[in-house]
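Engineer: Next input, structure requested:
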Amino acid sequence: MARSETRPVVLLRSTAGTGHTYVTRKNRRNDPDRLELRKYDPAWGGHVLFREVR
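Structural biologist: Okay, here's the model as predicted:
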């Protein structure tokens, strides 16, 4: 499968300061801004906000 410029791989880092990260892809046409998702942080022990890191 070819890599696409419209769906780049992005890194999501926890805002809780634990350093936990998730790797995902996003559609740059639909979400041109930085991605923010609420996901589970096992180091924190609950759901926190994860923000895209460039």
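Engineer: List the residues that contact the most centrally placed residue in the chain.
Structural biologist: Centrality entry for the chain: nearest residue to the mean C-alpha point is L12, 2.6 Å, by C-alpha atoms, centre = their mean. Taking C-beta atoms under 8 Å, 6 or more residues apart in numbering, we find L12 in contact with T21, Y22, V23, T24, L35, L37, K39, F50, R51, E52, V53. (C-beta placed from N, C-alpha, C; glycine too.)
Engineer: ok, and the most crowded of those?
Structural biologist: Most neighbours among those, by other C-beta atoms under 10 Å: F50, with 23 neighbours.
Engineer: SS state for the residue lying closest to it once chain neighbours are set aside?
Structural biologist: With C-beta to C-beta, 6 or more residues apart in numbering as the criterion, F50 has its nearest non-adjacent residue at 4.0 Å, and that residue is L12. Using DSSP: H, G, I helix; E, B strand; the rest coil, the structure places L12 in strand.
Engineer: so what pLDDT did L12 get?
Structural biologist: L12 is assigned 97 on the pLDDT scale.
Engineer: ok, what's across the strand from it?
Structural biologist: Going by DSSP bridges, L12 is paired in beta bridges with Y22, E52.
Engineer: distance of it from T24?
Structural biologist: 6 Å (C-beta to C-beta, to the nearest Å).
Engineer: Identify the contacts common to those two.
Structural biologist: Among the neighbours of L12, those also in contact with T24 (C-beta under 8 Å, 6+ apart) are L35.
Engineer: Quick one: the strands in this protein, in order.
Structural biologist: Per DSSP state E, the chain carries strands over the ranges 9-14, 21-25, 36-41, 46-53.
Engineer: rewinding a little: can I get the contacts of L12 in TSV including pLDDT and distance to R7?
Structural biologist: Shown next, in TSV, are these (pLDDT from 0 to 100; distance: C-beta to C-beta, whole Å):
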residue	pLDDT	distance to R7
T21	97	19
Y22	97	16
V23	97	13
T24	95	10
L35	95	12
L37	96	16
K39	97	19
F50	98	18
R51	97	19
E52	97	14
V53	95	17
